[in-house]
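J.: Give me a model of this one.
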Amino acid sequence: MRRLAIPLALTLALGGFVSPAQADKVTRTAACQGDWLPGTPTAEEVMRGELALVGLPAYQLGKKINWGASPYKNRSWEFVFQSLRWMGTLVVEYENTGEQRYLDRAEEITKDWVANNKYGARGTKPYVWKDHPVSLRTQALLCLSMHVKESWLKDSLAVHAKLLANPRLYKKGHNHGIDQDIALMGIGCRYGRKDWADLASRRLTGTVKIDVDAQGALMEQAPRYAVYVYSRLQVAMINMKSCGRKVPGAIASRTEALKDFIAHATMPNGYMVPIGDGTADTEPKMETGTPKQKVKAYRAGYVFGRTAWGKPESAYYSIRYGPGMKYHGHEDHLGVTYYAQGRDILVDGGFHSYEKSSYRYWTLSPEAHNVPTVAGARFRPHTSATLTKSSYGADRQSFRVTDKAYGVSRSRSVLVNHGEDVMAVLDTASGGRKVRNLWRFDPSLKVVSNKGGEVVLGDGKFKVTLVQFSGCDRVGGQQVERGGKLGWVSPTYLSRKPANVVVSPAAKSLLTVIVPGAESPKVSCSGGKVTVEGVSFPPDLF
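T.: Numbers count the residues shown, from 1 in each chain. Here you go, the predicted structure:
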């Protein structure tokens, strides 16, 4: 199995063999035992001063820690470093083995951190006290507080609680807000502060209602974050119960509904469709069950469809629309992805990192997605898109989405035929404006031929054919770019691979037909219908 590039489904690092004699020495606590630690680094690696965070090479910590360290100039690394969750592995190992050396080193690390990272002090890095490091660090500090009763630790947790309770710093309707509420409730319950626990419970209910809609869709515009939110809400509900509190119905029901959303957003190969800030190697690694529907349109801005559940060879597609870009979203409205015959066909540009680089900003742009553009018109960011028409059949579905991201109405209709796998896409714009479109193919697919409005790509014996029409006339002149400005994809964190992007010429309408598994399919348009290897449909796809 491939591992997540950035830890989302957090797993407990338990170390090695534990004898009954060792386990009896220390009481295991609910604050320390649970799915809140990343899989790396291990306790032994921390003891050796080897910190491997967010998939980057191990950093040598040293006995005297440099709390301003940023060896990779990577924001995610800095935040995880300052979260001190890696310190928490030592406390967990102490509970599991009874070996005092782990607790001693954990206390030494934390006391040094507290002394050198005073809130608001000169020399303290601003990101140390950002909302997410504060909330994630709290659980590590609470775990340590179960065994270390020093005033400096309690005082530090009080500073954390004041920041967590500050409404100006609260990230409502976001996974960071959920983590803030978990942390504040943890401190409130640990030290008997009912006011903090009450506030955390009230805020969490409101945040969940915003972050997860009634259909169970995550509103952060990157499906992979649904796995993280689901896991954190499980923690929140367990903590509420252990604190003697009733779990609000809205939290319980929407957490349960998230499972269906995660299932629909997972491709037949077991990986989540990489939409928004989502890598192509994200596996849910959780039991979602099998939804009743094979096709689902979410008001949050997603259509997910497949031929069948539980079959790796099933066709699968996604279509984007909905609210304008926010949080972890990209400018991908009207974009599609397509998986068929056990292969990725049309892929998204992907997620590279959260670094402030030109490439990161390019991955957010329309040019990194399979979308239509309006020739000569300027793109308007953060524009919403609407699902205006849909047709559901057992073996064929059609959808139409529209927006005004270029100042005029642009429209995309998508038809997916199952059995004989075909995807057809019709792009138009109002006012007689011309459109062009981009088609990003999986990096494994190389150009075999490009002539007469037909582009064939392949990987060994497997072939995919793209054919384009305007009206019923073939459209030639497609350009294929691999590398350069457009031909890239980031399937995993910090990776960048060349991929073939087919760029169409501009036309008043563009009908694109994608046929997987065929090098020379018979594709024609006449008499008011399009025919692909015996499969027929109207030119408007409805």
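J.: in the stretch 151-300 of the chain, which spans are strands?
T.: With strands called from DSSP state E, counting those that start in this stretch, the stretch 151-300 of the chain shows them at 295-298.
J.: Could you pull out the helices in it for me?
T.: Using DSSP state H, counting those that start in this stretch, the helices of the stretch 151-300 of the chain run over 151-165, 175-190, 194-211, 224-242, 249-264.
J.: which parts of the longest one are buried?
T.: What that stands for is helix 224-242. Using 16 or more other CB atoms under 10 Å as the test for burial, helix 224-242 gives 224-233, 235-237, 239-240. The way it works is simple: take the backbone N, C-alpha and C, and place the C-beta from them, glycine included.
J.: Tabulate the helices of the stretch 151-300 of the chain in CSV, adding columns for mean pLDDT and distance to Ser83.
T.: CSV is the format used below for the helices of the stretch 151-300 of the chain (pLDDT from 0 to 100; distance: least, CB to CB, whole Å):
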stretch, mean pLDDT, distance to Ser83
helix 151-165, 97, 12
helix 175-190, 96, 10
helix 194-211, 97, 19
helix 224-242, 95, 14
helix 249-264, 97, 23
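J.: Find me the pLDDT at Ala23, would you?
T.: We note a pLDDT of 50 for Ala23 in this prediction.
J.: low-confidence ranges in the chain?
T.: Within the chain, the stretches with pLDDT under 70 are 1-24.
J.: Closest to Leu153 out of the buried residues of helix 224-242?
T.: Distance to Leu153 across those (CB to CB) is lowest for Asn239, with 19.7 Å.
J.: how close does the residue lying closest to that closest one once chain neighbours are set aside get to Met325?
T.: Excluding the flanking residues, the one nearest Asn239 by CB to CB, 6 or more residues apart in numbering is Met185, at 5.7 Å. Look at Met185 and Met325: by CB to CB, to the nearest Å, they are 31 Å apart.
J.: of the two, who's got more company?
T.: Between Met185 and Met325, Met185 has the larger neighbour count (other CB atoms under 10 Å), namely 27 against 18.
J.: quick one on the thing from earlier: what's the closest of the buried residues of helix 224-242 to Glu313?
T.: Looking across those and measuring by CB to CB, the closest to Glu313 is Arg224, at 23.4 Å.
J.: Please tell me I have it right and the closest one contacts Met272.
T.: Yes: because the distance of 5.1 Å satisfies CB atoms under 8 Å, Arg224 is recorded as touching Met272.
J.: Could you tell me which residues touch both of those two?
T.: Contact with both Arg224 and Met272 is made by residues 278, 282, according to CB atoms under 8 Å, 6 or more residues apart in numbering.
J.: for the residue nearest to Leu346 when sequence neighbours are not counted, what are its contacts?
T.: Residue nearest to Leu346 in three dimensions, not counting chain neighbours: Tyr338, with 4.1 Å by CB to CB, 6+ apart. Counting by CB under 8 Å, 6+ apart, Tyr338 makes contact with 315-317, 345-346, 416, 423, 514, 516.
J.: let's go with 7 Å and repeat that
T.: 317, 345-346, 423, 514 (CB atoms under 7 Å, 6 or more residues apart in numbering).
J.: neighbours of the spatially closest residue to Lys326 that is not a sequence neighbour, just the number please.
T.: Nearest residue to Lys326 in three dimensions, chain neighbours excluded: Gln221, at 6.4 Å (CB to CB, 6+ apart). Around Gln221 there are 25 other residues, counting by other CB under 10 Å.
J.: ok, Gln221 - contacts?
T.: Going by CB under 7 Å, 6+ apart, Gln221 touches 276, 325-329.
J.: Pro381 too?
T.: 325, 331.
J.: Regarding it, what is its secondary structure?
T.: With DSSP: H, G, I helix; E, B strand; the rest coil as the basis, Pro381 sits in coil.
J.: gap between Asp281 and Asn269?
T.: 11 Å.
J.: Between those two, which is the more surrounded one?
T.: Neighbours per residue (other CB under 10 Å) separate Asp281 from Asn269, with Asp281 holding more: 18 against 15.
J.: Tell me how far the more buried one lies from Ile210.
T.: Counting by CB to CB, the gap from Asp281 to Ile210 is 29 Å.
J.: do Lys162 as well
T.: Between Lys162 and Ile210 the computed distance is 24 Å (CB to CB).
J.: for Arg101, same thing?
T.: 45 Å.
J.: do the same with Ile319
T.: Applying CB to CB to Ile319 and Ile210 gives a distance of 24 Å.
J.: Show me which of the two is the more surrounded one.
T.: More crowded of Ile319 and Ile210, by other CB under 10 Å: Ile319, with 28 against 12.
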